[in-house]
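S.K.: sequence-free structure coming up:
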């Protein structure tokens, strides 16, 4: 009991932890992407700078001095416009560590452009600027320097540009050789970018990442906890209900407060099961009380009479002896009649009942049943007329005589029991491969609700006649077992106040009942299980 | 066993209310030697007989199939009559439940027996109930 709920809890926690892990991983991927996006963004701004420079490097950087100033101005405006993170840009000729051209933003506010190429050269040659040069006012950690190669002019450059380059003296070229081949590296562009913003952004996103992941995990744990409590709560309720039912409290109902259909269905199924168990328990108790009474009554006569008659110190008349002994005999037989159906029912249900296939003349069968019936009516002093009729002449069938007689006896005595006065008819006829028997009475009838219960064990309809007549509620269910053993079926038609008609049909040419199938179906003879249970609980019968 | 009525011509009368004739006969054999056992087979008849016969003891079967009133009611009705306030009323039943027993005593019965009876004990118990103070 405990283990099941533990396992369930563990399972749920496992499932939800997995969900949390998967979610966190997905989130991590998402953040990784956003990191990349930030990075790419800064790269893009650099790319733009590079495009500007290299484009002009290809065609126009190599301009004459008079254009340099305006060119650089144009450059700087364009470049600084690309992004706040660009700290400086420098252009280097191939194999030269000294920058040919450099722009920087020392205080991140105003750009400072070395507008003159000569000035710039002088300035930077004096400083021996290296590509990895880092300005003093920039924290090393916050700086990233990107190093881009610049390729030679393309062949399909506009004719105007090529013409311009053709006409220039080598010293007027900003860098590269005149007529350098396409694809040759003629120099480098270095772009320094402030890493602080990227780092800051990354840090921010990282924290966001951590916060969100933690939230997801916490929410997941909370959900896991709630779901576990919710599910195990309901299951605990079921477990509690089960143990209460085990203790014999069949009135206990499970109430699951849940919107879930499955749990609601489980609850309904559980409650109707309880209901069923309660009904079975009630029947069992009624049966035991009835049986106790039914068995004690004849035993009372037998023990009382034999006890008195055997007393040496008492003298009884011969008439008393005779009467006493005949009562003992009659009550003994009565006891046997009470016990036999119970044992037979148990035997039939356990699949241990042998079935004979013998020739039976239905005419004789009806006659025998009829004469027994007349005796029954006579002994009960009821004003009932009885008639029996065989509607198909010369009907001889193959079946089990004793069981057939027993079924008829049960149906007829049942009819007598519930008919104070009126008419009872027994008839039989052939119908295809079957023979149909019908017992019709004009008794109290059976209501719709009771119809379903008639063939169940220990079931008796609640009627004053039942209380008066007693009985154990075995006959009908035994009849049903027998009819099934003979390969047939039993049913009834009835209307309250008008009477009932019981029908059963069995094969005319015998039937091989598969005892093993029945035995396998009811591996445990439930009837005995019940009796042994009852015995434990009630002490004795 | 001592016959308590050795001196008198008058034997004590016991009314037995029971619908089963076999059980009536059994009681006749059990107690008939010492007492006059008068039988009645239903509640109404039983009470009428009690008034008519004035028995010294009443034995009632609780489960009467054909009776208009059940055994408990018979006990209550007889006990409520002035002349039967002190007589022993004995309940007999085929049911063994404690609930039945408690109910019988609640209704005013003096003794409670279950069927089948222990023949010897029953005779001596009845003797004790009907002749209080004496013992055999």
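M.R.: Perfect, I can see it now. Remember, predicted model here, so these are calculated numbers, not experimental data.

S.K.: Chain B versus the spatially closest residue to residue A:475 that is not a sequence neighbour, what's the distance?
M.R.: Nearest residue to residue A:475, sequence neighbours excluded (CB to CB, 6 or more residues apart in numbering or on different chains): residue A:410, at 4.0 Å. Every C-beta, even on glycine, is put in place using the N, C-alpha and C of the backbone. Per CB to the nearest CB, to the nearest Å, residue A:410 is found 21 Å from chain B.

S.K.: So what touches the helix or strand hosting residue A:410?
M.R.: Using DSSP states H and E, residue A:410 maps to helix A:401-417. With contacts defined as CB atoms under 8 Å, 6 or more residues apart in numbering or on different chains, helix A:401-417 is touched by A:344, A:355-356, A:358, A:360, A:365, A:368-369, A:372-373, A:376-377, A:380, A:382, A:384, A:424, A:426, A:437, A:439-441, A:443, A:465-466, A:469, A:471, A:475-476, A:478-479, A:482-483, A:485-486, A:490, A:500, A:502, A:504, A:506.

S.K.: returning to what we had before: the residue nearest to residue A:475: how many residues sit nearby?
M.R.: 21 (other CB atoms under 10 Å in any protein chain shown).

S.K.: one step back: flag every buried residue along the helix holding residue A:410.
M.R.: Of the residues in helix A:401-417, A:401, A:403-404, A:406-417 count as buried by neighbour count, 16 or more other CB atoms under 10 Å in any protein chain shown.

S.K.: Which residue ranges of chain A form strands?
M.R.: A:86-93, A:99-104, A:112-113, A:143-151, A:185-194, A:358-361, A:383-390, A:396-399, A:421-431, A:434-441, A:489-495, A:499-507 (DSSP state E).

S.K.: between those, which has the poorest average model confidence?
M.R.: Per-segment mean pLDDT for these reaches its minimum on strand A:112-113, at a mean of 42.

S.K.: now the contacts of helix A:401-417: which count as buried?
M.R.: A:344, A:355, A:360, A:365, A:369, A:373, A:376-377, A:384, A:424, A:426, A:437, A:439-441, A:443, A:466, A:471, A:475-476, A:478-479, A:482-483, A:485-486, A:490, A:500, A:502, A:504, A:506.

S.K.: measure the most centrally placed residue in chain B to residue A:297 for me?
M.R.: By CA atoms, centre = their mean, chain B has its centre lying nearest to residue B:59, at 1.2 Å. Per CB to CB, to the nearest Å, residue B:59 is found 16 Å from residue A:297.

S.K.: For the chain, give me the ranges with low pLDDT.
M.R.: This is for chain A. A:1-9, A:39-88, A:90-199, A:256-260, A:457-472, A:513-541 (pLDDT under 70).

S.K.: let's do chain B instead
M.R.: Across chain B (using pLDDT under 70), the flagged ranges come out as B:1-9, B:133-136.

S.K.: One more pass at 80, please.
M.R.: For chain B, the stretches flagged by pLDDT under 80 are B:1-10, B:65-68, B:95-97, B:132-136.

S.K.: now the helices for it?
M.R.: Along chain B, the segments classed as helices by DSSP state H run B:21-31, B:43-53, B:71-80, B:98-107, B:119-130.

S.K.: what about the second one, distance to the chain center?
M.R.: Spelled out, that is helix B:43-53. Relative to its parent chain, helix B:43-53 has a centroid offset of 13 Å by CA atoms, centre = their mean, to the nearest Å.

S.K.: which bits of chain B sit near chain A?
M.R.: Listed as neighbours of chain A in chain B under the rule CB under 8 Å from any CB of the partner chain: B:1, B:20, B:22-23, B:25-27, B:29-30, B:33, B:63, B:65-66, B:94-97, B:114-117, B:119-120.

S.K.: Buried subset of these as a PyMOL selection?
M.R.: Filtering those down to the buried ones (16+ other CB under 10 Å) takes a single PyMOL command:
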select buried, chain B and resi 20+22+23+25+26+27+29+30+33+63+94+95+96+114+115+116+117+119
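
S.K.: In stretch B:47-55, which residues are buried?
M.R.: Those would be B:47, B:49, B:50, B:55, for stretch B:47-55 by 16+ other CB under 10 Å.

S.K.: how far away is the second one from chain A?
M.R.: In other words, residue B:49. According to CB to the nearest CB, residue B:49 and chain A sit 22 Å apart.

S.K.: In contact with that residue, which residues?
M.R.: Residue B:49 neighbours (CB under 8 Å, 6+ apart): B:15, B:38, B:40.

S.K.: Around the nearest residue to residue A:324 once chain neighbours are set aside, count how many other residues there are.
M.R.: Excluding the flanking residues, the one nearest residue A:324 by CB to CB, 6+ apart is residue A:305, at 4.5 Å. Look at residue A:305: counted by other CB under 10 Å, it has 26 neighbours.

S.K.: thought residue A:305 was touching residue B:28?
M.R.: No. With contact defined as CB atoms under 8 Å, residue A:305 does not count as touching residue B:28 (10.0 Å).

S.K.: give me the number of residues near residue B:102?
M.R.: 11.

S.K.: same check, this time on the one 5 residues further on
M.R.: Residue crowding around residue B:107 was assessed by other CB under 10 Å; the count is 21.

S.K.: now the residue nearest to it when sequence neighbours are not counted: how far from residue A:501?
M.R.: Distances taken as CB to CB, 6+ apart place residue B:75 nearest to residue B:107, at 4.3 Å, with adjacent residues excluded. Taking CB to CB as the measure, residue B:75 and residue A:501 are separated by 43 Å.

S.K.: Up against chain B, what does the stretch 201-350 of chain A have?
M.R.: A:289, A:292-294, A:296-297, A:299-305, A:307-309, A:311, A:313-314, A:316, A:320, A:323-324, A:327, A:330-331.

S.K.: List only buried entries from the residues you listed.
M.R.: The buried subset of these - by 16+ other CB under 10 Å - is A:289, A:292-294, A:296-297, A:299-305, A:307-308, A:311, A:316, A:320, A:323-324, A:327, A:331.

S.K.: Tell me which of the residues you listed fall in helices.
M.R.: Reading helices off those with DSSP H, I get A:289, A:292-294, A:296-297, A:299-305, A:307-308, A:320, A:323-324, A:327, A:331.

S.K.: Tabulate the helices of chain B (CSV), appending distance to residue A:247.
M.R.: As requested, the helices of chain B are exported to CSV (distance: least, CB to CB, whole Å):
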stretch, distance to residue A:247
helix B:21-31, 39
helix B:43-53, 39
helix B:71-80, 31
helix B:98-107, 20
helix B:119-130, 37
